[in-house]
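Student: mind looking at a prediction? Sequence and model below.
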Amino acid sequence: MIDIEICPLKAEHIDSVVAINNLSFPTPWSRESLEKEIEDNTIAKYVVAKKFNIVIGYAGIWCILDEGHITNIAIHPEYRGIGAGSLLLETLIEICKIEFITSMTLEVRKSNLIAQNLYKKYGFVQEGIRKAYYADNKEDAIIMWKHNI
């Protein structure tokens, strides 16, 4: 983990983020959606993880009043399991502290136990289910919250 750098997502990272997005999600966000997030969405904060100056992952959060809603965390498949996801999530938590966010939330696929375990490691707990949330296969989403940031 020592050689992983976290920095703000910039336009120059979009190609890498799009590639990671396409490798990570059954229904990935479009390039246009990602560009609008970093250019136009004033409540959005995005960061990338880089190893040897190669973008290996990214994460985003929407800061709405006193809540943070994690939009995405994704790591390139070749770099999973080396701690980049943890570093990105720690960075989102730090952003929330800076922004005076008191609670964080997210939705995660019911089948994505690896992600659920990462969130639990950082104090997130399951507080609900969104039935048939994901359009691609109608899979349920687990709603997780972390309070008292």
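Tutor: Cool, got the structure.

Student: hey, C-alpha coordinates of the lowest-mean-pLDDT helix or strand in the chain in PDB?
Tutor: When each helix and strand of the chain is scored by mean pLDDT, DSSP states H and E, helix 31-39 comes last, with a mean of 94. Output of helix 31-39 as PDB, limited to C-alpha atoms (Å, rounded to 0.1, in the frame of the first residue of the first chain):
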ATOM      1  CA  ARG A  31     -18.000   8.600 -20.200                       C
ATOM      2  CA  GLU A  32     -20.400  11.500 -20.400                       C
ATOM      3  CA  SER A  33     -21.800  10.800 -17.000                       C
ATOM      4  CA  LEU A  34     -18.300  10.600 -15.500                       C
ATOM      5  CA  GLU A  35     -17.200  13.800 -17.200                       C
ATOM      6  CA  LYS A  36     -20.300  15.700 -15.900                       C
ATOM      7  CA  GLU A  37     -19.700  14.400 -12.400                       C
ATOM      8  CA  ILE A  38     -16.200  16.000 -12.300                       C
ATOM      9  CA  GLU A  39     -17.000  19.100 -14.300                       C
END
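
Student: what helices or strands is it leaning on?
Tutor: Helices and strands touching helix 31-39, by 3 or more C-beta pairs under 8 Å, 6 or more residues apart in numbering; DSSP states H and E, are helix 14-24, strand 44-51. To be clear about C-beta, it is placed using only N, CA and C from the backbone, and glycine gets the same treatment.

Student: next SSE after the last one?
Tutor: What that stands for is strand 44-51. With elements assigned by DSSP states H and E, the helix or strand that comes after strand 44-51 is strand 54-64.

Student: what residues does stretch 77-91 touch?
Tutor: By C-beta atoms under 8 Å, 6 or more residues apart in numbering, the residues outside stretch 77-91 that reach it are 1, 4, 6, 23-24, 47, 49, 51, 56-59, 73, 75, 115, 118-119, 121-122.

Student: using neighbour counts, trim those to the buried set.
Tutor: Neighbour counting by 16 or more other C-beta atoms under 10 Å classes 4, 6, 24, 47, 49, 51, 56-59, 73, 75, 115, 118-119 among these as buried.

Student: ok, which pair from the residues you listed is furthest apart?
Tutor: Lys51 and Tyr119 (22.5 Å; C-beta to C-beta).

Student: so what's the residue count around the closest residue in space to Glu99 that isn't next to it in sequence?
Tutor: Nearest residue to Glu99, sequence neighbours excluded (C-beta to C-beta, 6 or more residues apart in numbering): Cys63, at 4.8 Å. A total of 20 residues lie near Cys63 under the criterion other C-beta atoms under 10 Å.
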